[in-house]
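Participant: Could you look at this predicted model? Sequence included:
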Amino acid sequence: MAERPTKLVDLLVVGAGPAGAMAAATAARGGLGVWLVDKRQLPRHKPCGGGMPLPVQEELRDLVPEAVVDTRVRWMRHSWRFQQAAEASVDPPGTAPEQARALWMVQRPRFDHALVQAAAAAGARVLEGHAFQALERGGDGVTVTLRCPGASGEPRCLQVRARHVIGADGAAAGVAACVGLRPDPRVALAIELEVPHQWDPADPLLRPDLLHLDYGVLRRGYAWLFPKADHLNIGAGLFHGRERDVRRDPRARQRIRAAIDATAAALGIEPGSEVYERARLVTDAGQPTHSLTSYYRPEDVADTPIVDPTPGPVPGGGGFGALTRKGLEPDRITETIHSRMPTPDEIDTLALPAGEPVMILERCTYTADGRCVEFARGVHAASRFAWTYSFTIPD
């Protein structure tokens with residue numbers, strides 16, 4: 001049963017992606033009463049390479065903090081089946097250094113949530129977990145029915161009255177369908193893979209300032225590789241298939257995954273390699289402070305205490321001690337630290353209060369000859385953890 005309609009609001013925006021969040025922020029800054037709703041809990045993952053075209057940046061500079069930009073791409077490499085490659089600057093020839101620009105590379109969960117937070121800061125009311133169901137037009141506006149969880153966990157319906165509605169709900173396009181727009185939409189399909197990566201200054205093809213686009217590996221589509229701060233985003237998209245909605249094509253996913261594998265192989269990446277995973281949750285006085293997950297090559301940790309499923313620290317000097325006894329003594333470490341808003345699973349695991357961010361520590365451990373013997377990722381509750389570093393100031 002639906003609840004009684006709310007009081008009339010100026011604008012209801014359905015969909016809290018970049019388009020919806022930008023619309024909500026702009027309207028709220030203009031003095032309108034705005035509600036922004038999304039069917040998912042925020043922040044949420046969105047399959048997307050995360051490349052930001054140059055003209056869009058000008059619209060976002062007052063909304064998105066620099067912290068959401070992973071890398072800045074200044075070069076693009078175009079190829080046909082990984083041959084006949086052409087690498088060119090994103091700036092026209094002769095551009096002065098002070099006028100040079102770059103493509104932003106972002107991670108969509110962080111980027112999208114920054115826009116939502118900007119809309120909320122401007123005065124928009126944000127409702128998460130509220131899925132669009134239907135709308136009915138009336139004399140003074142529109143009544144929209146939203147499906148959301150009730151206090152007891154059972155679903156309930158909320159009706160919102162608004163003078164205007166913006167449908168920014170993406171490919172699902174529930175709002176558009178309700179008003180007779182796009183009755184038979186053409187829907188594309190894309191799949192992405194995120195591969196942890198440590199940058200090698202000597203590698204000419206895998207660089208944080210270079211993206212790759214290939215147009216021949218997938219008929220009626222293309223493949224990409226976008227560099228991020230600590231990983232590579234490798235993906236492919238199919239625009240046209242046997243069905244107008246490519247998602248209904250039984251071969252589409254197989255073709256896209258094959259294109260991703262081919263792209264990775266052409267650039268010397270092995271995304272399908274098996275790894276051994278050891279995960280643990282660290283607590284202090286019964287309260288979780290952080291989770292830590294380490295990944296190893298199976299051959300590096302076979303017959304060591306690292307593969308013991310017993311929870312807790314690895315006996316005999318920890319993981320580094322076990323690696324040393326295997327002849328893989330750790331010699332140096334590279335760590336990357338950044339912050340973001342937590343995923344729903346992280347909120348549950350760390351028992352985080354509403355609005356608390358997490359700090360992410362990603363560590364690559366190498367032997368003296370440069371072999372990576374451990375990749376570790378820690379997710380830390382920001383209010384319960386701190387790092388202190390001491391080091392000698394270099395000459």
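Facilitator: Sure thing, it's come through.

Participant: From here on, just use CA atoms for contacts and neighbour counts.
Facilitator: Fine.

Participant: hey, where'd the strands end up in the stretch 201-350 of the chain?
Facilitator: For the stretch 201-350 of the chain, strands defined by DSSP state E, counting those that start in this stretch occupy the ranges 210-214, 221-227, 231-238, 276-284, 287-296, 332-340.

Participant: What is the burial count for D284?
Facilitator: Close neighbours of D284, defined as other CA atoms under 10 Å, add up to 9.

Participant: Now do the same contact list for R278.
Facilitator: T293, S294, Y295, I306, V307 (CA atoms under 8 Å, 6 or more residues apart in numbering).

Participant: can you rerun that using 6 Å?
Facilitator: By CA atoms under 6 Å, 6 or more residues apart in numbering, the residues touching R278 are T293, S294.

Participant: wait, isn't M105 in contact with L54?
Facilitator: No - counting by CA atoms under 6 Å, M105 stays clear of L54, with 11.0 Å between them.

Participant: and the two? which has more neighbours close in?
Facilitator: M105 (25 against 13).

Participant: Could you write out the alpha-carbon coordinates of stretch 379-395 in CSV?
Facilitator: The C-alpha trace of stretch 379-395 is given here as CSV (Å, rounded to 0.1, in the frame of the first residue of the first chain):
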residue,chain,number,x,y,z
VAL,A,379,40.1,-0.8,4.0
HIS,A,380,40.3,1.4,7.2
ALA,A,381,37.6,3.2,9.1
ALA,A,382,38.8,6.8,8.8
SER,A,383,38.0,7.7,12.5
ARG,A,384,39.7,4.6,14.0
PHE,A,385,43.0,4.5,12.2
ALA,A,386,46.0,6.7,11.7
TRP,A,387,49.4,6.4,10.0
THR,A,388,52.7,7.9,11.3
TYR,A,389,55.8,8.0,9.1
SER,A,390,59.4,8.7,10.0
PHE,A,391,62.1,9.0,7.3
THR,A,392,65.4,10.6,6.6
ILE,A,393,65.1,13.7,4.4
PRO,A,394,66.9,13.0,1.2
ASP,A,395,69.7,15.3,0.0
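
Participant: Let's test this: mean pLDDT of that stretch, rounded?
Facilitator: For stretch 379-395, mean pLDDT rounds to 84.

Participant: next one: it to chain centre, how far?
Facilitator: When C-alpha coordinates are averaged (CA atoms, centre = their mean, to the nearest Å), stretch 379-395 and its chain have centres 25 Å apart.

Participant: Only the buried residues of the strand ranked longest in the chain, if you could.
Facilitator: Identified as the longest strand of the chain according to DSSP state E is strand 155-167. Buried residues in strand 155-167, counted by 16 or more other CA atoms under 10 Å: R156, C157, L158, Q159, V160, R161, A162, R163, H164, V165, I166, G167.

Participant: Next: stretch 115-127.
Facilitator: By neighbour count on 16+ other CA under 10 Å, the buried set for stretch 115-127 is L115, V116, Q117, A118, A119, A120, A122, G123, A124, R125, V126, L127.

Participant: And the closest residue to G141 other than its chain neighbours, how far from A121?
Facilitator: Residue nearest to G141 in three dimensions, not counting chain neighbours: R163, with 4.2 Å by CA to CA, 6 or more residues apart in numbering. Distance of R163 to A121, given as CA to CA, to the nearest Å: 22 Å.

Participant: Surely the residue nearest to G141 touches G139?
Facilitator: No - taking CA under 6 Å as the definition, R163 is not a contact partner of G139, at 9.5 Å.

Participant: wait, A86 sits on H78?
Facilitator: Yes - between A86 and H78 there is a contact at 5.3 Å, judged by CA under 6 Å.
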